[in-house]
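In: structure for the following, please:
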Amino acid sequence: MDNIIRPTFGAPRRREQPDAQRVQVLTQRVYGEANGCRVCLVHDEDAPEGDVYKVVVGFLTDDEVSTVAILPATPEGETDSEIVALAILRTLGMIEARPEAPTSA
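Out: The predicted structure follows:
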């Protein structure tokens with residue numbers, strides 16, 4: 001998995017090596033698990049974008065997660081993070097409940 005939503009908040013996109021992007025994070029909130037994945041919220045005060053909330057998704061069998069949304073650490077950003085996380089969780093749940101694999105994404 002890789003980032004899907006990458007807002008720059010007005011800054012140009014930085015080019016980094018994949019290992020330079022790997023950081024240890026503490027989960028602030030777990031929204032749930034579906035289709036073998038866990039959806040969580042991380043508050044990252046030291047992110048290159050500044051103080052942000054990150055919605056992250058990772059496989060239950062792995063300790064690594066991928067950031068799928070980055071939002072400013074404001075009350076509005078936290079609300080938007082909730083909406084994004086719950087939408088992802090619902091989508092994973094719908095895919096999990098489907099009896100056959102989807103033909104396209």
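
In: which helices and strands does the host helix or strand of I88 pack with?
Out: Counting by DSSP states H and E, the element that carries I88 is helix 75-97. Judged by 3 or more C-beta pairs under 8 Å, 6 or more residues apart in numbering; DSSP states H and E, helix 75-97 is in contact with strand 27-34, strand 37-47, strand 50-59, strand 66-72. The C-beta positions use only the backbone N, C-alpha and C, and glycine is treated the same way.

In: any chance of the ones you listed in JSON lines, plus mean pLDDT and distance to A87?
Out: Output for those, formatted as JSON lines (pLDDT from 0 to 100; distance: least, C-beta to C-beta, whole Å):
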{"stretch": "strand 27-34", "mean pLDDT": "92", "distance to A87": "10"}
{"stretch": "strand 37-47", "mean pLDDT": "92", "distance to A87": "10"}
{"stretch": "strand 50-59", "mean pLDDT": "93", "distance to A87": "9"}
{"stretch": "strand 66-72", "mean pLDDT": "93", "distance to A87": "10"}
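
In: to R90, which of those strands lies closest?
Out: strand 27-34 (8.2 Å; C-beta to C-beta).

In: ok, the closest residue to V55 other than its chain neighbours to V84 distance?
Out: Excluding the flanking residues, the one nearest V55 by C-beta to C-beta, 6 or more residues apart in numbering is A69, at 4.2 Å. Distance from A69 to V84, counting by C-beta to C-beta, to the nearest Å: 5 Å.

In: ok, now V68?
Out: With C-beta to C-beta as the criterion, V68 and V84 are 7 Å apart.

In: beta partners for the residue sitting nearest the centre point of the chain?
Out: Taking C-alpha atoms, centre = their mean, the centroid of the chain lies closest to V56, which sits 2.5 Å from it. Beta-bridge pairing of V56 under DSSP bridges involves C40, T67.

In: list the contacts of it.
Out: V25, T27, V39, C40, L41, V42, V65, S66, T67, V68 (C-beta atoms under 8 Å, 6 or more residues apart in numbering).

In: redo the residues you listed as a markdown table? Include neighbour count and distance to G93.
Out: Shown next, in a markdown table, are those (neighbours: other C-beta atoms under 10 Å; distance: C-beta to C-beta, whole Å):
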| residue | neighbour count | distance to G93 |
| --- | --- | --- |
| V25 | 14 | 24 |
| T27 | 13 | 20 |
| V39 | 25 | 10 |
| C40 | 20 | 15 |
| L41 | 20 | 18 |
| V42 | 20 | 21 |
| V65 | 20 | 18 |
| S66 | 15 | 18 |
| T67 | 21 | 21 |
| V68 | 19 | 16 |
